[in-house]
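Peer 1: Here is a sequence with its predicted model. Questions after.
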Amino acid sequence: MNNVEQSGRIAGLILAGGSGQRMSGRDKGLLPWRGQPLIAQVAARLRPQVNTLYISCNRNSTAYAGYADQVFRDVPGYDGPLAGLYSLPAVAAPLLLLTPCDTPLVPRDLATTLLQALEATPHADIAYATTEGSPHYLHALLRHRALATLETYLAAGGRSVKGWYARQHVVTAEFNAACFLNCNTPDSVD
């Protein structure tokens, strides 16, 4: 399957809804790294891998709008990255590629590699990245049937991505650790 055929099956979601606590309240996705906002770099790497690109952000939606087909806010009452996933508008694509806004070197083959892992394990609902055995839960490819379980998990008080995945059939795919450079502290951005 070529990238064009593959991307027609996959929508993308960049999570940028955090409060910026580790960044002194600044909106992490809009902070510069190597001369461009983090969101610009993540979106540029994700865009060729998906048919439609969404961004979950809770502020500065006008600034984010130029990087996605649709920008949306999290449903009030939930915190953390699962709130962005839960708030996603209806998506036609059968698969969803997920990534946070603070990993500017996200692999250009993230979708392809995760899709291969998912297709090799047909009963799996989620494929997520690992590096040297360490999980990168927010770099994942999800089937719609996994998303259907999220509301129940959140309603029961669950908030952890790891905890939600523990209730799913998952598979992992190994990547180079350099691809997941995380700009999550003030000294990690320009």
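Peer 2: On my side now, so go ahead.

Peer 1: which residues sit in contact with residue 68?
Peer 2: 14, 43, 53, 54, 55 (CB atoms under 8 Å, 6 or more residues apart in numbering). Where C-beta positions appear, they are placed from N, C-alpha and C, glycine not excepted.

Peer 1: Secondary structure, neighbour count and distance to residue 105 added to those residues, as TSV?
Peer 2: Converted to TSV, these look like this (DSSP: H, G, I helix; E, B strand; the rest coil; neighbours: other CB atoms under 10 Å; distance: CB to CB, whole Å):
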residue	secondary structure	neighbour count	distance to residue 105
14	strand	29	14
43	helix	23	13
53	strand	20	18
54	strand	22	21
55	strand	25	18
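
Peer 1: any chance of the residues you listed in CSV, plus pLDDT and distance to residue 165?
Peer 2: Formatted as CSV, the contacts of residue 68 follow (pLDDT from 0 to 100; distance: CB to CB, whole Å):
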residue, pLDDT, distance to residue 165
14, 97, 19
43, 98, 25
53, 97, 23
54, 97, 20
55, 97, 22
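
Peer 1: And these, which is closest to residue 88?
Peer 2: Closest approach to residue 88 among the contacts of residue 68 (CB to CB): residue 54, at 6.3 Å.

Peer 1: Name all residues that make contact with that closest one.
Peer 2: Counting by CB under 8 Å, 6+ apart, residue 54 has contacts 11, 12, 13, 14, 68, 69, 70, 71, 72, 88, 89, 91.

Peer 1: which of those residues count as buried?
Peer 2: 11, 12, 13, 14, 68, 71, 72, 88, 91 (16 or more other CB atoms under 10 Å).

Peer 1: can you tell me which of those lies nearest to residue 156?
Peer 2: Among the buried ones among the contacts of residue 54, and counting by CB to CB, the member closest to residue 156 is residue 88, at 19.7 Å.

Peer 1: Helix or strand: which one has the closest one?
Peer 2: Under the criterion of DSSP states H and E, residue 88 resides outside all helices and strands.

Peer 1: That one touches residue 96, doesn't it?
Peer 2: Yes: using CB atoms under 8 Å as the test, residue 88 is close enough to residue 96 to be in contact (7.5 Å).

Peer 1: where do the contact lists of these two overlap?
Peer 2: Common neighbours of residue 88 and residue 96 (CB under 8 Å, 6+ apart) are 13, 147.

Peer 1: what are the pairing partners of the longest strand along the chain, and which direction each?
Peer 2: Counting by DSSP state E, the longest strand found in the chain is strand 134-143. With DSSP bridges as the test, strand 134-143 is paired with strand 95-100 (antiparallel), strand 126-131 (antiparallel).
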